[in-house]
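*Asks:* Predicted coordinates and the sequence they were generated for:
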Number of protein chains: 2
Amino acid sequence: MKKQVQHTIKDVAAALGLSVSTVSRALNDHPHISQETKQRVREAVEKLDYRHNALAASLRNSRSNMIGLIAPRITMYFQSTVITAIQHKLHEYGYNLMVCQSNDSPAIEQELVGVMYASRVEGLIVSSTLYTEDFSHFDIFNRANIPLVFYDRVPRDYLAHKIQGDDYQGGYQTTRHLLEQGARQVAYITGPLSCKLYSDRYEGYKDALREFKVPLDESLIYCHELNKENALQTCRMLFSGDKHPEAIFAGNDTTAVAVVQFAKEKGIAVPQALKVTGYSNDSRTEIIEPSITSVEQFPYEVGVQAASLMMELLEQKLKPNQSYISLTTPIELVKRQSSGVVEIPQRHE
Amino acid sequence: MKKQVQHTIKDVAAALGLSVSTVSRALNDHPHISQETKQRVREAVEKLDYRHNALAASLRNSRSNMIGLIAPRITMYFQSTVITAIQHKLHEYGYNLMVCQSNDSPAIEQELVGVMYASRVEGLIVSSTLYTEDFSHFDIFNRANIPLVFYDRVPRDYLAHKIQGDDYQGGYQTTRHLLEQGARQVAYITGPLSCKLYSDRYEGYKDALREFKVPLDESLIYCHELNKENALQTCRMLFSGDKHPEAIFAGNDTTAVAVVQFAKEKGIAVPQALKVTGYSNDSRTEIIEPSITSVEQFPYEVGVQAASLMMELLEQKLKPNQSYISLTTPIELVKRQSSGVVEIPQRHE
DNA sequence: ACTTTCTTTGCAAACGATTGCAGGAATAAT
DNA sequence: ATTATTCCTGCAATCGTTTGCAAAGAAAGT
């Protein structure tokens, strides 16, 4: 089986007795080329099954039409939704998206930044690793003046454009809600506070407590990676002594679900004896019984914003890059049974 | 703000008084270059912050080191997990993955195939649209002898490498299980039967019925896109008359969840009055009450298989491309409360 | 001393497209 | 008939690497 040659613009030109430049211009609908020639080129392209080589064009134009995206993992509902939105939006503008996962490893993230740069992406959209504290591997993009936009997991100090949900409000409103429901011992399970989004929420939590004149109890703060195993471990700790918390503000929905399941197993009534809230409003929160109060982050909107910002940056490269944009997107506390607001409906019959 | 020049191999060569070829070879660790020169090159690269231009290299080598992937949507748990696995595996081999979503639109899928080809991906991994019946837009890849691997949503007749979960067994085992649990009126909610995976399952369903000498009742078969709205509509139909089904075999978990919620609302006891099963074993199925029997597809394994196959194909391009590989990956029926096998535990205290 | 071999480097031509500039043909203006 | 103008098209350089081939210099063999 002989490998089929990939036809080039040269073959098209030869077939028509034209020069490559004319063919190129015809394909790009250049005004100086006659309609007749364009038509002939179209036909020859069809017949020869010529396909544009984006690599060659990108090299020549230094325009790859490609945007890079690095996310910690795409299996999380929030992430995959943001990415979907970005992809849709970029597609409208004729850009393609190259998605990679850092797997929450700073080393891989660093490597991927290099790969993206080597691929000459025209912009880079990033949600960083939980553990990225040194952002200097992104410097190449800033030095080369290539738009760099962070979303969700944004750096605290590093200079770049940022789009972040209103985590302070998320933390504040949730805590306030739990306090309003009468809880005073509000345990707080958070991801690493080195990550801006978690520390922002923590500020909200603290401010709400302060407002209600509830002293901050360090023994109620648990900080670790937010997965099921850790959540259960923390639950065991929280309920090992004789003083039990009245509410648990979980840093994500996986944790909140684990907490609710733990409570069910131990016969702790939610929300009567323990109120629980999550974060992200993923599909499990409204399905579990009791349904879980959580914070909607509107991921699709976040994605649209990120993509739009990227497009703006691409269109006016000249803009003084001293001014970095920092966008905060709204959140909404979705109140459900687990925090005691919503009536638990009686089963029918 | 002057745009920073991107240094090229030429700058490195000039800085060292070497030729570009020597620098290129040094960077690629060519054996003919002395250690000393290599060291000097490394230093100059460091100092100038030279970065490899993958576009130029790809053009020259006709090797992009890039694999394309087209999936209907990445927000589905199954898909994002498969993609993650593929990305991890490819990364081991030094390949990058370019992910795009067809959004279940054949038109977008077709366009993306063109984009992928234009980007000169070295291989393409696809899970097609639910509605793709004409696969001829993939012909370019076959003609150019570029490896093409389908997974999950594989074409029925189109010649290509395919990796598919054992949908026949999924359909068969699930149906058999429901029959063994005593149900006879087993309603079947399926996605479009034009899609091979759904028709395979349907065959399994029919064979199981046959084995139990249960006549196929067309009025119990519902075929539509599997989302919540359609599921609820179908439920209303199923329970509108006086003869109600004893079991519902739902084509995915979203549907199964909707069915269970519908039943709860209507006071239909699951599993006593109605047994329900889903497909894909997503995280909601074990959280909802009653927990839902579903089919585990081992998406990570599917991804690993797909990536491995792709790597094999890339390494021995010469292989007669007449022989297409068709791989079936195992599934596992995870029995839970909704089909009546597992005891529903009493709440503690 | 002369040839052979080995090591290390450079020249120049690719890869496939785009584009500034020049030029030919056709038409309009003088 | 000559010049100016318009409309098309072609030449050739360019983007940044890679690589076959040639060659220079050093080392080794005769």
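*Replies:* Looks like it arrived, so ask away.

*Asks:* Tell me who's in contact with the residue positioned nearest the centre of chain A.
*Replies:* With distances taken as C-alpha atoms, centre = their mean, the residue of chain A nearest its centroid is residue A:79 (4.3 Å). Contact partners of residue A:79, counting by C-beta atoms under 8 Å, 6 or more residues apart in numbering or on different chains, are A:71-73, A:127, A:152, A:299. Any C-beta I mention is one placed from the backbone N, CA and C, and that applies to glycine too.

*Asks:* three-state assignment of residue A:56?
*Replies:* helix (DSSP: H, G, I helix; E, B strand; the rest coil).

*Asks:* the helices in the stretch 101-250 of chain A, which residues?
*Replies:* Ranges of helices in the stretch 101-250 of chain A, per DSSP state H, counting those that start in this stretch, are A:106-118, A:139-143, A:167-180, A:196-211, A:228-238.

*Asks:* Can I get those in a markdown table including mean neighbour count, mean pLDDT and distance to residue A:328?
*Replies:* Shown next, in a markdown table, are the helices of the stretch 101-250 of chain A (neighbours: other C-beta atoms under 10 Å in any protein chain shown; pLDDT from 0 to 100; distance: least, C-beta to C-beta, whole Å):
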| stretch | mean neighbour count | mean pLDDT | distance to residue A:328 |
| --- | --- | --- | --- |
| helix A:106-118 | 19 | 96 | 24 |
| helix A:139-143 | 16 | 94 | 22 |
| helix A:167-180 | 23 | 98 | 9 |
| helix A:196-211 | 20 | 97 | 10 |
| helix A:228-238 | 17 | 96 | 28 |
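
*Asks:* closest one to DNA strand C among these?
*Replies:* With C-beta to the nearest atom of the strand, the closest approach to DNA strand C among those belongs to helix A:106-118: 15.8 Å.

*Asks:* pLDDT weak spots in chain A?
*Replies:* Residue ranges of chain A with pLDDT under 70: A:1-5, A:317-322, A:342-349.

*Asks:* That one against DNA strand D: which residues are in contact?
*Replies:* A:17-22, A:25, A:30, A:32-37, A:56, A:59-60, A:62 (C-beta under 7 Å from any atom of the strand).

*Asks:* Can you name every helix or strand that the one helix or strand residue A:260 maps to contacts?
*Replies:* With elements taken from DSSP states H and E, the one containing residue A:260 is helix A:253-266. Secondary-structure packing of helix A:253-266 (3 or more C-beta pairs under 8 Å, 6 or more residues apart in numbering or on different chains; DSSP states H and E): helix A:228-238, strand A:247-250, strand A:275-277.

*Asks:* now it and helix A:228-238, what's the angle there?
*Replies:* Calculated by axes from the mean of the first three to the mean of the last three C-alpha atoms, to 10 degrees, helix A:253-266 forms an angle of 50 degrees with helix A:228-238.

*Asks:* Give me the distance from helix A:253-266 to the chain's centre.
*Replies:* Computed by C-alpha atoms, centre = their mean, to the nearest Å, the chain-centroid distance of helix A:253-266 equals 25 Å.

*Asks:* Buried residues in that helix, which are they?
*Replies:* A:253-264 (16 or more other C-beta atoms under 10 Å in any protein chain shown).

*Asks:* Between those residues, which sits nearest residue A:325?
*Replies:* Proximity of the buried residues of helix A:253-266 to residue A:325 was ranked by C-beta to C-beta; the top entry is residue A:253 with 29.3 Å.
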